[in-house]
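Peer 1: Using only what follows, build the 3D model:
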Amino acid sequence: MRLWIFITFLALSGCQVGPRYQYPEVSVANSWKNQESGISEPKVECWWQIFQDQKLTVLIEQAIGNNPSLLAALERIEEARGIAGVTKSKLFPQLNFDPAASNRAQRAHSFGSTLRPPPTLVQDHIDKYILPLTLLYEFDFWDKWRGQYKSARFLVEAEIEAYQTSLLLMTTDLANAYFQIRIQDAQIDLFRKILSTRQTALEIQRSRYDANLVGYIDVTSYQTDYSTVEAQYFDALKTRAIFENQIAVLVGISPSIFKIEPLPLEEPPPVIPAATPANVLLRRPDLAEQERKMAAIHSEINVAYSSYFPSIDLSVIFDFLSQDFSKITSTFISSIGSNLTEILFDGGGRSSNIDAIKAKFDAAAATYQEKILTAFQEVEDSLASIHWIGNEMEAINTAFSAAEIAFQIAQDRYAFGLSSYLGAADNERTALTQKMAYLELLKLKYLHTIHLIKAIGGGWESVCGS
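Peer 2: Residues are numbered from 1 along each chain as shown. A predicted model of the protein is given here:
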């Protein structure tokens, strides 16, 4: 009894073999190259609230509840938990129950007969019931089963981080498509103004051609300008429809019944604080996911090392045998046994298995380092793009203001009969073209702002939609 108590104590305590896992150390800079100073973190619960757009908030909340890819990510978490539960079950004894019953015929002499052989035989039936219970348990001296369970738990945590990654990608993709639609609406309105101006100029040229004041080449020149803008107008409508369909899929609604009303946007996006590189490491769910995968693989290394040590299992059999089901305990037979198994020679299979898992871990560590570098690059790219696009927008605004002044002067000259309408129309076309260039830059600035939010891992205080 003392021996079995000692063995049970060892099994419950166990000992880990192989190297211990250490959280990967990463050298990071203290700040970003293009970060603006003096920007405080916004006091919002969810990152999309910084835009103060109620329609966007409603769409994202709807997508969190209905997005198919997000629901699939949740189910992958449950799948990983189920696998971990199966692995955990190996830490406990296995109790099997295999009942059996039989009915055997037996011949007997007639009661009271003295003849030999007896003149008649009596057929008797004997019932037999067997209710065996078998207990099987392998002692986890070398942390074999606990190591597998630890690896499974790390994979559950990795799937949770994968869900956060899917959530971040989904919400940023939706926000990007939403703001692209709103800027597209502003461009569509501007295209209509340009088309109206060029339609008037084209009609004037046609009238002058009919009066033999100009050649037909002047008419074709204005017709070309008008048709070029008209093609761009139709392309803008096509692009808007594609973004609208993309949002429909993200929110889990059929594109055939989904519609977003036009809502032009011309205001620049808010300035997003990039935090510090160290905080980005903590916020990025894809980095946390990769780190948890590394921890899971490292646990597999420890499990592989345990194969160098013997395995000891215990089996206990309880047999309940009776001929009367109401008295099932009339006969009790039990046996207890233990097996020790050790591999003496395997041709280098165990060491090769350890080398393979170590290589797998080193590859995962290299992938982790690559993801960190990529994350820092994404932040720096977004900050640089936002900075230089801002400078471009200032230059375009200056050009637009100058073109508007020139258009106003040309319009005044036309009103006083000092010049033709075509001169004013050309100046207006120049101003509207500068405005179109501004909207294109605004579209890029929103794109890189949302990309920056994704690059820094989303929110500032908490994760929404978990």
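Peer 1: mind listing the strands for the chain?
Peer 2: Residue ranges of the strands in the chain, as given by DSSP state E, are 94-97, 100-109, 121-139, 311-322, 331-341.
Peer 1: Tell me the gap between the first one and the middle of its chain.
Peer 2: The one in question is strand 94-97. Averaging C-alpha coordinates over strand 94-97 and over its chain gives two centres that are 40 Å apart (CA atoms, centre = their mean, to the nearest Å).
Peer 1: Name the residues of that strand that are buried.
Peer 2: Along strand 94-97, not one residue counts as buried under the neighbour rule (16 or more other CB atoms under 10 Å). The way it works is simple: take the backbone N, C-alpha and C, and place the C-beta from them, glycine included.
Peer 1: Direction included, what does that strand pair against?
Peer 2: Using DSSP bridges, strand 94-97 pairs in its sheet with strand 121-139 (antiparallel).
Peer 1: thinking again about what came up before, mean pLDDT lowest where, among the strands of the chain?
Peer 2: Out of those, strand 100-109 stands lowest, with a mean of 59 (criterion: mean pLDDT).
Peer 1: what about the residue lying closest to Ile247 once chain neighbours are set aside, neighbour count?
Peer 2: Ranked by CB to CB, 6 or more residues apart in numbering and with sequence neighbours excluded, the top spatial neighbour of Ile247 is Ala177, at 5.0 Å. By the criterion of other CB atoms under 10 Å, Ala177 has 21 neighbours.
Peer 1: Would you check that Ala177 makes contact with Phe243?
Peer 2: Yes - counting by CB atoms under 8 Å, Phe243 is a contact partner of Ala177 at 4.6 Å.
Peer 1: for Tyr368, what are its contacts?
Peer 2: Pro24, Leu287, Gln290, Glu291, Met294 (CB atoms under 8 Å, 6 or more residues apart in numbering).
Peer 1: I'd like to know which of the residues you listed are buried.
Peer 2: Leu287, Gln290, Glu291, Met294.
Peer 1: before we move on, the earlier item: could you work out the most separated pair of the contacts of Tyr368?
Peer 2: Spatially, the most separated pair among those is Leu287 and Met294, at 10.7 Å (CB to CB).
Peer 1: Touching, Asp189 and Glu266? I think so.
Peer 2: No - Asp189 is beyond contact range of Glu266, at 9.7 Å (criterion: CB under 8 Å).
Peer 1: Let me know whether Leu447 touches Asn176 as I believe.
Peer 2: Yes - the pair Leu447 and Asn176 qualifies as a contact (CB under 8 Å) at a distance of 6.1 Å.
Peer 1: before we move on, back to that, report pLDDT for the residue nearest to Ile247.
Peer 2: With respect to pLDDT, Ala177 scores 96.
Peer 1: distance of it from Arg240?
Peer 2: 10 Å (CB to CB, to the nearest Å).
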